[in-house]
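Visitor: I'll drop the sequence and a predicted model, then ask my questions.
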Amino acid sequence: MSQQSTGTVLDAIIEGVRADLAERRERVGLDELRRAAAQRPPALDAESALRGPSADAVQVIAEVKRSSPSKGALAPIEDPAHLAAAYEHGGASVISVLTEQRRFNGSLADLDAVRAAVRVPVLRKDFTVDEYQIWEARAHGADLVLLIVAALSEDELRRFLALTHELGMHALVETHTPEEIECAVAVGARIVGVNVRNLKTLDTDVETFGRLAGLLPQEAVIVAESGVEGEEQIALYASHGAKAVLVGEALVRSADPAATITSFREAGAAARARRHVPEAEAEALAAEASSLREAPGPYFGDFGGRWMPESLIAALDELTDVFEKAKADPEFTAEFQRLSRDYSNRPSLLTEAQRFAAEAGCRIFLKREDLNHTGSHKINNVLGQALLARRMGKTRLIAETGAGQHGVASATAAALFGMECVVYMGEEDTRRQALNVARMELLGATVVPVTNGSRTLKDAINEALRDWVASVEHTHYLLGTAAGPYPFPAMVRYFHEQIGEETREQILAQTGRLPDAVAACVGGGSNAIGIFHGFLDDPSVELYGFEAGGDGVESGRHAATISLGRPGVLHGARTYLMQDEDGQTLESHSISAGLDYPAVGPEHSYLHDIGRARYEAITDSEAMEAFRLLCRTEGIIPAIETSHALAGALKLGRRWVEELGPEAAAEKVVVVSLSGRGDKDVATAAEWFGMLPDDSAEAELGEKGERL
Amino acid sequence: MSTTRHETSGADLASRILPPGLHADPGSRLAARIAECRAQGRPALIGYLPAGFPTVEESIEAAVALGSNGADVIEIGIPYSDPVMDGPVIQHATTTALAHGFRVADVFRVVRAVAERTDAVPVVMTYWNPVLQMGVDTFARRLAEAGGAGIITPDLIPDEAGEWFAASQAHGLDRIFLVAPSSSRERLDLVVRAASGFVYAVSVMGVTGARDAVSDVAEQLVADTRAAGAQHVCVGLGVSRREHVEEIGAYADGVIVGTALVQALADGGPEAVGALARELAGRA
């Protein structure tokens, strides 16, 4: 037990706290508290709540406080639960409940009442001088405790903080001076408060916060305490970098505490936003505004959004929040890069395909995503999302798959992370891609054939969404493409951006210049948006997305969503869709299961509308011709999906030859995203090509001898 | 097109998202009917049937049977190709309707029949893309002309409902949005302020389908939704028997039955729908 004397008002308060504590310990033993703590649901993540949804947000810790030593009686607060609920309505991120009884007129009963009334994290605000109180806080459902540095030795602070974390809670570590801040940093405090009240005089000086702000650790959540009379002080604290503000008196005396909290959050966010705009960052912001590369969503022009059942909105909010924080967390980005390098085999190669290119008349380079672990680009997104799922504490992954590439990648990540995995796959696709079904099962996943609708990718997504609505608490939906509701389009792109960034560096290194065109196949469009990302702000680089033209766009049997669809809403996003007059989704058709999808990622719809990227249809026959050509000329068996991009590159080259003449065309450079390898497609291809009859094109090629 | 954003900074969610001056229709037949049921000391019985199942004509007879045998409000569903909130029974019915040639405009015939031939208040339940494709304002105008009172929107949240706010006010229709057990308090506030007629409380995290027991989270959700200021809260998903109606009726303003009625229609035609409606209404 601490016998430390502070020479301040704290000494007298703590004396009373110890007396009351001894009394409670008589009545309720530590073992009983431990049992009660064990029965509570796990503590809520207060740190995350205080970090808020965005860099500029300022959170409010709203306090239930009847009186204080400095001001005496503040408010009677007959119904603390009611007041706390009003705080929550106003958008308070944490509710603080005073439980000290002598000076603050609080109690554990108040804590119980508030805990039962709100869903946000609750801070037990007391003078913690003994581990017993930390157990007590947890047993009463608190998610946060207060540790006042001035009242504790460094050793006590360290032990108390460790116990707090062990119990799943967080601690608000309160400081008043540079020395105390140093101590908080030394023990690894994650939430550091600066109380601007002088413990000796009990006066508050709001300028104290600004004076100490520079000493505060960047990675901790910074909380300003005391001195708030109105928006002015909130703005002052926020302008010095406060991420949250603890407010008591101003709220318990407010006629409309919910509205007051709302206005405080607004004032705080405005002040935080102002602090980084005037400087050099204004320039960066302006540049970002004109950049297409980093389109953040949720809207891309008129496309995107969250057209989803309310049941899933909380999960999308959580995912957005975790994703935004992860992007800014060097630990996360380092882990993602490490996995990409040591597990997926990144960076992938950029290979010039000279013999293949001879058929096109221009230079063609292949971005070799087929060399990634699991054989396609899909692994990038899957590893990123699995890392996020782990951050969210989710233990089960569900995924949809068309060709099976994403299902295999998901099953792989689940195996690597020790998670359960269920993959929904259209029954039609399980037949087309039987080998991939076996791969997923070997990796420990359960494959569920979907028998409703058109029995392809879109119906697999429907079924995955139905699963997710019922399982969202412990399940992450690992959507495989840059489509769906926000944040999926922006998030999936983020994990694939490395394709474009590597390609840009590699092509500059190999040719000394940017390419004339970049080509990728587009179903949902994840590999395409990943490689486009590298070149979106290079206006000289033409971007081509090649969609599945199936039997030909005039046949009606195709998946050329952008070429022939019109905007509508499907699977959570406003985007181009294949639909009838009534808005019923049309069945798409393609030889490639991975492109057999009647919608497309919303960012592609936007890039199409503003003319930055061009989308063209490639028929099954054209794709299969390119498939065969790459096999024979380069010794690479591509996925049939990818073959659409290869066929597109052949068309581009031939167009240049026609328009510019062979010499000029020969100088042109195209990069093709070789998004996946074709092992899975061998059966489909063999069926397509029959038994290589004598009059086939291969036979003709074969006669030319050296070209084979 | 809506230009709302999801970042949380500044004013509360509802103030940021909802258009100024958004109000509930004071002449709402739906709100009046639910209030009437309350005055009678019972929950409103709300029944769902898809238009066009098994055919448009039979769906009209089934809806009329439902309205003549105790349903206070009838939700006419629009069959849709990608019903992500529906379980197998309703999926099967709506797929059948589409296979039999259902067209979206057929829904207005069903609504009109309910309005003209029964005392029940008809509303439409629909996924949003069919409405978008007809044009939100056109759809709202035609629905109002047919005697419909509003639309239940399972995959449209207030955040994306800019056009619908305008059209519903222009044509005097109710906006029945959903709340779920997972909804945050901030979102409950948003939905309650955006909705009119009643708020549809989803009793479980899941899709439509009859369940043996109604989850106990429903009661808490109704209480929270009321605390957010909702006048009328009705509970759906999983309700199939009279005992559920009584249990939920003890705390909610209305009870929504879907799958059980669709199953009855599939098994025994409009007569079976009428019989089940009587039972659910406690008239059997």
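Guide: Alright, I've got the coordinates.
Visitor: Alongside chain B, which residues does the stretch 201-350 of chain A contribute?
Guide: Taking CB under 8 Å from any CB of the partner chain as the contact definition, the stretch 201-350 of chain A meets chain B at A:262, A:265-266, A:269-270, A:273, A:298-299, A:302, A:305-315, A:317, A:320. Quick note: C-beta positions are derived from backbone N, CA and C, even for glycine.
Visitor: quick one: residue B:252 and residue B:233 touch, right?
Guide: Yes: here residue B:252 reaches residue B:233: they are 5.6 Å apart, a contact under CB atoms under 8 Å.
Visitor: any shared contact partners between those two?
Guide: Shared contacts of residue B:252 and residue B:233, defined by CB atoms under 8 Å, 6 or more residues apart in numbering or on different chains, are found at B:201, B:222.
Visitor: about what we covered before: so which of the residues of the stretch 201-350 of chain A next to chain B are in strands?
Guide: Counted as lying in strands by DSSP state E, out of these, are A:299, A:305, A:306, A:307.
Visitor: Which secondary structure element of the chain has the lowest mean pLDDT?
Guide: You didn't say which chain, so I picked chain A. Lowest by mean pLDDT, DSSP states H and E among the helices and strands of chain A is helix A:697-703, with a mean of 43.
Visitor: um, chain B though
Guide: Lowest by mean pLDDT, DSSP H and E among the helices and strands of chain B is helix B:13-17, with a mean of 89.
Visitor: what helices or strands is that one leaning on?
Guide: The contact analysis (3 or more CB pairs under 8 Å, 6 or more residues apart in numbering or on different chains; DSSP states H and E) places helix B:13-17 against helix B:185-194.
Visitor: Let's see the pLDDT reported for the closest residue to chain B within chain A.
Guide: Here chain A gets closest to chain B at one residue, residue A:583, 3.4 Å apart by CB to the nearest CB. Residue A:583 carries a pLDDT value of 96.
Visitor: can you count the residues close to it?
Guide: 24 (other CB atoms under 10 Å in any protein chain shown).
Visitor: Same check on residue B:60?
Guide: Neighbours of residue B:60 using other CB under 10 Å come to 23.
Visitor: Please apply the same query to residue A:625.
Guide: 18.
Visitor: Is it within a helix or a strand, and which one?
Guide: helix A:620-634 (DSSP states H and E).
Visitor: next SSE after that helix?
Guide: The helix or strand immediately downstream of helix A:620-634 is helix A:640-660, counting by DSSP H and E.
Visitor: Which positions in the stretch 51-200 of chain B make contact with chain A?
Guide: Counting by CB under 8 Å from any CB, the positions of the stretch 51-200 of chain B adjacent to chain A are B:80-85, B:87, B:91, B:95, B:98, B:103-104, B:128-134, B:154-157, B:159-160, B:177-187, B:189, B:191.
Visitor: Just the ones in strands from those, please.
Guide: B:178, B:179.
Visitor: still on that earlier bit, mind listing what's buried in the helix holding residue A:625?
Guide: Using 16 or more other CB atoms under 10 Å in any protein chain shown as the test for burial, helix A:620-634 gives A:620, A:622-634.
Visitor: go on, stretch A:181-196?
Guide: A:181, A:183-185, A:187, A:189-196.
Visitor: And those residues, which two are furthest apart?
Guide: A:187 and A:196 (21.8 Å; CB to CB).
Visitor: for the chain, which helix is longest?
Guide: Unless you meant another one, I'm taking chain A. Selection of the longest helix in chain A by residue count, based on DSSP state H, yields helix A:488-511.
Visitor: My question was about chain B, not that one.
Guide: helix B:259-280.
Visitor: Tell me if stretch A:552-562 is near chain B.
Guide: No: Stretch A:552-562 lies out of reach of chain B by CB under 8 Å from any CB, never closer than 14.3 Å.
Visitor: Report the mean confidence score over that stretch.
Guide: Mean predicted confidence for stretch A:552-562 is 86.
Visitor: Helix or strand next in line after the strand ranked longest in chain A, which one?
Guide: When chain A is parsed with DSSP E, its longest strand is strand A:542-550. Of the helices and strands lying after strand A:542-550 in sequence (DSSP H and E), the nearest is helix A:561-564.
Visitor: and the helix or strand following that next one, what does it pack onto?
Guide: Later in the chain than helix A:561-564, the nearest helix or strand by DSSP H and E is strand A:566-570. Other elements packing on strand A:566-570 under the criterion 3+ CB pairs under 8 Å, 6+ apart are strand A:572-577, helix B:128-134.
Visitor: Mind listing what's buried along the helix or strand following the longest one?
Guide: Where DSSP H and E defines the elements, the next helix or strand beyond helix B:128-134 is helix B:136-146. Applying a neighbour-count criterion of 16+ other CB under 10 Å, the buried positions in helix B:136-146 are B:136, B:137, B:139, B:140, B:142, B:143, B:144, B:146.
Visitor: What is the nearest of these to chain A?
Guide: For these, the nearest to chain A is residue B:139 (10.3 Å; CB to the nearest CB).
Visitor: gap between that closest one and residue B:163?
Guide: Using CB to CB, to the nearest Å, residue B:139 is found at 10 Å from residue B:163.
Visitor: Could you do residue A:468 as well?
Guide: 27 Å.
Visitor: tell me what whichever strand or helix holds residue A:193 is packed against?
Guide: Using DSSP H and E, the element containing residue A:193 is strand A:191-195. Counting contacts by 3+ CB pairs under 8 Å, 6+ apart, strand A:191-195 is packed against helix A:46-51, strand A:170-175, helix A:178-186, helix A:207-213, strand A:221-225.
Visitor: Give the other helices and strands that the longest one contacts.
Guide: Applying 3+ CB pairs under 8 Å, 6+ apart, one finds that helix A:178-186 contacts helix A:154-166, strand A:170-175, strand A:191-195.
Visitor: if you set the cut-off to 7 Å instead, what comes out?
Guide: On a contact count with 3 or more CB pairs under 7 Å, 6 or more residues apart in numbering or on different chains; DSSP states H and E, helix A:178-186 meets helix A:154-166, strand A:170-175.
Visitor: Which single residue in the stretch 101-250 of chain B comes nearest to chain A?
Guide: residue B:133 (3.4 Å).
Visitor: tally of neighbours for the nearest residue to residue B:187 once chain neighbours are set aside?
Guide: Leaving out its chain neighbours, the residue that sits closest to residue B:187 by CB to CB, 6 or more residues apart in numbering or on different chains is residue A:313, at 6.4 Å. Neighbour count of residue A:313, defined by other CB under 10 Å: 22.
Visitor: right, and residue A:313 touches residue B:190 too?
Guide: No: in this structure, residue A:313 is not within contact of residue B:190 by CB atoms under 7 Å, at 9.8 Å.
Visitor: Thanks a lot, catch you later.
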